[in-house]
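>>> Generate coordinates for the sequence data below:
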Amino acid sequence: MKEYYKNSYLKEIDTKIINILDKDYILVKDIITYEEKGGQSSDIGLVNDKYEFITIVKDNDVYIKIDNNPFKVGDIINIKIDWNHRYNSMKIHSAQHLLSGLLYKYYNIQTKSVHMQNNFSIETDQKEIEKDIILDLEKRFNKAVSENKKIKSYFIDDDNIKLRRSIKVKENIRIVEIEDYDKIACGGLHVNSTSEIGPCYYLNSEKVRGHIRLFFIVGSLLDDKVSIWRKNSDFITKLTSSCDNKHIESIDKVFKEKKELEYKVIKYQKEIIENKLSNNILIEEVSDIDLNLYFQVTKNYEDVFICAIKKLDNKYNFIIIDKNNRINNLKDILIENNAKGSFKDNIYRGIIDFNILDLIRKNLNE
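Residues are numbered from 1 along each chain as shown. Coordinates of the predicted model:
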């Protein structure tokens, strides 16, 4: 069993390197670093207080990746995870479980999918949800937090156990249970009690694939948000010389002007992309352009090849449009390099661990 399942609060460990792949991928005996799965982000941190690492799955094992790895098999190394990053992920994941449990327990609303970033979201199975229900949900959540309910995880072999969502696994099932509120199979990491999560605030909702997706913010992130809101309120008061009850009117005017400006910016960015399309081929890294614009620009092109990437933390978002199949087996190439996303109709969108431009250029020229 991985060490993070024994103790998800273990922040560092001295352990032995038992395998190295492709020079930079290190497998250790005692694994405390959590890999990205189920919407929960992977661990980052330091080896020997010096070398930055990210956590990667290779050959069904959890490796840490260090650029220009100086270590060898048999070395004893100290692994220290970025605790703020890990703990925040644990709190958000537990908050999602609690919200999903409350939705099911009190309103018979199921969770279809989740997205766990700073402002995390839950896609429900409902076409509409009344605002009163959402506000009641928020109130129930904060009550459960104040009750300091236990959150525990354990393994069982009973596939007949009553859970919020049915499972296909028959044995070695990991259960995460929030006292009185939720019980579900889960491989993620969680805090030990609801009080650790902190308060929750409903942000907004949208319709996705015909279902309502709810957005929330929790814990210390909410404290940061409130601080920002207060500063913004003071700023708006000074900027518009308006009192609080006139803020909406003033903001509405600003947003209309902002929307007009954004439209002009997008139009200009589309023109830039079109001007760069020499011989209907464009391969580039960008920082301030929405990758979806490449798709919009090339809708009416019959033969075009575009690969655009944008760095996001330690990963890269990408879009590849290959309307004439210039690269054979492009989907297989991306999967082999651990890319994740949507690959269909000659349009490839997703996220990958490294800058793929050289890889794309190489295969394009073959």
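>>> Dig out what K150 forms beta bridges with.
Here K150 sits in beta bridges with S193, as judged by DSSP bridges.
>>> need the contact list for it.
Under the criterion of Cβ atoms under 8 Å, 6 or more residues apart in numbering, the contact list for K150 reads I178, E179, N192, S193. Every C-beta, even on glycine, is put in place using the N, C-alpha and C of the backbone.
>>> Not counting its neighbours along the chain, what's nearest E274?
Using Cβ to Cβ, 6 or more residues apart in numbering and skipping residues adjacent in sequence, the residue nearest E274 is V297, 5.8 Å away.
>>> still on that earlier bit, most surrounded residue in the contacts of K150?
Highest neighbour count within the contacts of K150, by other Cβ atoms under 10 Å: I178, with 23 neighbours.
>>> That residue contacts S100, correct?
No. The pair formed by I178 and S100 falls short of the contact definition of Cβ atoms under 8 Å, at 9.8 Å.
>>> what sits in contact with each of these two?
Shared contacts of I178 and S100, counting by Cβ under 8 Å, 6+ apart, come down to nothing at all.
>>> who touches the strand or helix carrying V114?
Assessed by DSSP states H and E, V114 sits inside strand 111-115. With contact meaning Cβ under 8 Å, 6+ apart, strand 111-115 is reached by 39, 96, 100, 103-104, 120-125, 165, 211.
>>> longest helix of the protein?
Once the chain is assigned using DSSP state H, the helix that runs over the most residues is helix 247-276.
>>> just to revisit the earlier point, what sits against the residue nearest to E274?
Taking Cβ under 8 Å, 6+ apart, we find V297 in contact with K270, I273, E274, L277.
>>> cool, and K331?
With Cβ under 8 Å, 6+ apart as the criterion, the residues that contact K331 are F343, Y348.
>>> and with 10 Å instead?
Applying Cβ atoms under 10 Å, 6 or more residues apart in numbering, one finds that K331 lies in contact with I320, D322, A339, F343, K344, N346, Y348.
>>> what pLDDT does the last one get?
Model confidence at Y348, expressed as pLDDT, equals 94.
>>> and it, what element?
Y348 is part of strand 347-352 when elements are defined by DSSP H and E.
>>> I'd like to know which elements that strand is packed against.
If you count contacts as 3 or more Cβ pairs under 10 Å, 6 or more residues apart in numbering; DSSP states H and E, strand 347-352 packs onto helix 292-297, strand 305-312, strand 315-322, helix 330-336, strand 340-344.
>>> The helix or strand just after that strand - contacts with which helices or strands?
Elements were assigned by DSSP H and E; along the chain past strand 347-352, the next helix or strand is helix 357-365. Counting contacts by 3+ Cβ pairs under 10 Å, 6+ apart, helix 357-365 packs against strand 281-286, strand 305-312, strand 315-322, helix 330-336.
>>> Of all those, which one comes closest to F216?
strand 305-312 (21.4 Å; Cβ to Cβ).
>>> returning to that earlier point: now do the buried residues in the strand holding Y348.
Applying a neighbour-count criterion of 16 or more other Cβ atoms under 10 Å, the buried positions in strand 347-352 are I347, Y348, R349, G350, I352.
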